[in-house]
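Asks: Everything below, folded, please.
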Amino acid sequence: MVKDRSIAEMAQSAQSMVQGSLSEVTRQCGDPSCACAWDPTRRHGPHLYLKFTAEGKAYSIYIPPEDSEALRRAHQAWLRFQELAGQVAANNRQSFLKTLDRHKQLAKAQRAKARRKA
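Replies: Modelled structure (predicted):
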């Protein structure tokens with residue numbers, strides 16, 4: 001069943017996923033003698049940051065280069081989890097709408113039957 005496979009894959013993604021967004025930033029260091037002070041193409045970076053909100057507070061956390069690949073994989077797992085969850089939810093919505101339609105058709109048939117008796 002497609003839904004079962006999606007849920008199993010979501011569980012797999014959940015093992016390593018990290019929620020948030022990734023951004024790469026170049027910076028000017030502040031040393032007036034550094035080339036980055038007068039040449040924007042020579043700014044330092046790009047540096048990777050993980051951005052997220054927790055308990056109503058926004059965070060932007062610097063990710064050292066040696067941890068960037070692991071974070072990128074964890075972020076990809078989060079994106080895949082969201083994609084799969086969206087698919088499961090869309091399928092659930094379709095099933096629910098079909099159930100509503102069946103109930104509507106049943107009620108309509110019962111009303112028609114009641115009118116014929118009267």
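
Asks: chain center to the top helix by length along the chain: distance?
Replies: Secondary structure of the chain per DSSP state H: the longest helix is helix 65-117. From the chain centre to the centre of helix 65-117 is a distance of 16 Å (CA atoms, centre = their mean, to the nearest Å).

Asks: ditto for stretch 35-46
Replies: For stretch 35-46, the distance to the chain centre is 33 Å (CA atoms, centre = their mean).

Asks: can you pull the pLDDT of M1?
Replies: You'll see M1 listed with a pLDDT of 68.

Asks: model confidence over the longest helix of the chain, on average?
Replies: 93.

Asks: Look up the closest residue to S6, ignoring the ones flanking it.
Replies: L84 (4.8 Å; CB to CB, 6 or more residues apart in numbering). No exception for glycine: its C-beta is placed from N, CA and C like everyone else's.

Asks: How many residues are close by that neighbour?
Replies: Neighbour count for L84, taken as other CB atoms under 10 Å: 20.

Asks: Against A90, how distant is it?
Replies: Distance, L84 to A90, by CB to CB, to the nearest Å: 11 Å.
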